[in-house]
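Q: Build the 3D model from these lines:
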Amino acid sequence: MSKQSDSYSALAAAIGFRYDTVNNVLYGQKDGYDMILYTTVSGQPYLFSVHTAAKNALGANLTKEQIKELTKTVKPIGTCSQDGNNIVVTVTGGMGKKVNPEKLAANVTEGLAGLTNFLREKGFTPCCSICGKEEAVTGHKSEGAYYHLCEECEVSMRKNIATMKQPRQENVVGGVIGALLGSLVGVLCIVVLSQLGYVAALSGAVMAVGVLKGYELLGGKVTKKGVVICVVIMLVMAYMGDRLNWAILLYREGGGADIGLNVFECFRIVPQALSEGVIRKEVYIFDILLLYVFLLLGAVPTIRGKLKAKQDEGRMVKLGSADGMGGSMQ
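A: Numbers count the residues shown, from 1 in each chain. Next comes the predicted model:
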């Protein structure tokens, strides 16, 4: 096990929870509320999301004022949100990758106690995430989302997943068309931002998201093959967008319009303008490298998210189970 896993195991023992090593989550009960603790922020392994299910007897949701009260009175809790019966708060156990184990356990314990006390005070009782019945529940992870399910809803969700789990075929041609259309948004951003005097490199991130989203929309799904295609399209279209931007500059400020050239003719002579020093080579190289850096910054997390979603597609696991989908208990 890694040092982080050892730390999570120790934390689970300190707060009376169990640690699912496969799904990397802590789960258990606190004052009658079923709880799941997990991390989602890269580089912040001790910033936990605490997921529970509870409902108000009158059917009311937590108000903005109540959420503000919770985050103000319980110091370890940073944020709070509610979606149906699911309530999620963030608990800070430390910053960065180094943390004091005793302080981590103390912060999490205080955060959980504060949350359960607050929910009871506001009339929220433990329930099933789906049906809202006040019955015994167990923690589950399905397609990347967490649930606290009663036995009936667990069976129903498994049946629904089995019914809907039809493998989608990847339409490469449609995906390529979608990626190209998505890339046009990035090209437009490159040109518009640059002409307005902003850093066009920021458009690299827009390009990455647009290409991947376009491929997924018209291609059905993004596979590893789709990722390779998208990366190639990103690189080519980022270059084309940057070159178009320089063509417009040549037309407007480099004398292109004065000698009767249009933007498309200026686009064609960009290499010539570089060789003749009309466009400073060091500026051109710096701009396109910066554009590619932002492209990378946008592409990497987006690609990881798409592949992770594909990995989780059609999966449902009971936390702590040992059925090949769940984790082992420590």
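
Q: so what's the closest residue to residue 178 other than its chain neighbours up against?
A: Closest residue to residue 178 apart from its sequence neighbours, by Cβ to Cβ, 6 or more residues apart in numbering: residue 218 at 3.1 Å. For glycine as for every other residue, the C-beta is placed from the backbone atoms N, C-alpha and C. By Cβ atoms under 8 Å, 6 or more residues apart in numbering, residue 218 lies in contact with 171, 174, 175, 177, 178, 181.

Q: 6 Å instead, please
A: 174, 175, 177, 178 (Cβ atoms under 6 Å, 6 or more residues apart in numbering).

Q: what's the helix or strand for it?
A: Per DSSP states H and E: residue 218 is located in helix 203-219.

Q: Can you show me the CA trace of that helix as CSV?
A: Taking Å, rounded to 0.1, in the frame of the first residue of the first chain, the C-alpha atoms of helix 203-219 are listed here in CSV:
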residue,chain,number,x,y,z
SER,A,203,-7.8,29.6,-26.5
GLY,A,204,-5.7,26.4,-26.5
ALA,A,205,-7.7,25.2,-23.6
VAL,A,206,-11.0,26.1,-25.4
MET,A,207,-9.7,24.2,-28.5
ALA,A,208,-9.0,21.0,-26.4
VAL,A,209,-12.4,21.0,-24.8
GLY,A,210,-14.2,21.8,-28.1
VAL,A,211,-12.5,19.1,-30.1
LEU,A,212,-13.1,16.3,-27.5
LYS,A,213,-16.7,17.4,-26.9
GLY,A,214,-17.4,17.6,-30.6
TYR,A,215,-16.0,14.1,-31.1
GLU,A,216,-18.1,12.7,-28.3
LEU,A,217,-21.3,14.3,-29.5
LEU,A,218,-21.2,13.1,-33.1
GLY,A,219,-19.0,10.0,-32.5
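
Q: show me where pLDDT drops low in this structure?
A: The chain contains residues with pLDDT under 70 at 1, 42, 93-99, 163-168, 199-201, 308-314, 322-330.

Q: Could you pick out the longest strand of it?
A: Ranked by residue count, the top strand of the chain under DSSP state E comes out as strand 47-56.

Q: Contacts for it next, please.
A: Strand 47-56 is contacted from outside by 33, 35-41, 85-92, 119, 123-124, 126-127, 129, 132, 146, 148, using Cβ under 6 Å, 6+ apart.

Q: can you give me the helices in the stretch 51-200 of the chain?
A: Assigned by DSSP state H, counting those that start in this stretch, the stretch 51-200 of the chain shows helices spanning 64-73, 101-121, 151-164, 172-195.

Q: now those as JSON lines including distance to residue 207?
A: Below are these laid out as JSON lines (distance: least, Cβ to Cβ, whole Å):
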{"stretch": "helix 64-73", "distance to residue 207": "37"}
{"stretch": "helix 101-121", "distance to residue 207": "40"}
{"stretch": "helix 151-164", "distance to residue 207": "33"}
{"stretch": "helix 172-195", "distance to residue 207": "3"}
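
Q: would CSV of those with mean neighbour count and distance to residue 22 be doable?
A: What follows is the helices of the stretch 51-200 of the chain, written out as CSV (neighbours: other Cβ atoms under 10 Å; distance: least, Cβ to Cβ, whole Å):
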stretch, mean neighbour count, distance to residue 22
helix 64-73, 14, 31
helix 101-121, 18, 21
helix 151-164, 13, 18
helix 172-195, 19, 32
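
Q: element containing the spatially most distant residue from the centre of the chain?
A: In the chain, counting by Cα atoms, centre = their mean, residue 259 sits farthest out from the average C-alpha position, at 50.0 Å. For residue 259, there is no enclosing helix or strand under DSSP H and E.

Q: circling back to that earlier point, what's the angle between whatever helix or strand comes next after the helix holding residue 218 and helix 203-219?
A: Where DSSP H and E defines the elements, the next helix or strand beyond helix 203-219 is helix 224-253. Interaxial angle of helix 224-253 relative to helix 203-219 (axes from the mean of the first three to the mean of the last three Cα atoms, to 10 degrees): 130 degrees.

Q: Give me the buried positions along helix 224-253.
A: Using 16 or more other Cβ atoms under 10 Å as the test for burial, helix 224-253 gives 226-227, 229-231, 233-234, 237-238, 241-251.
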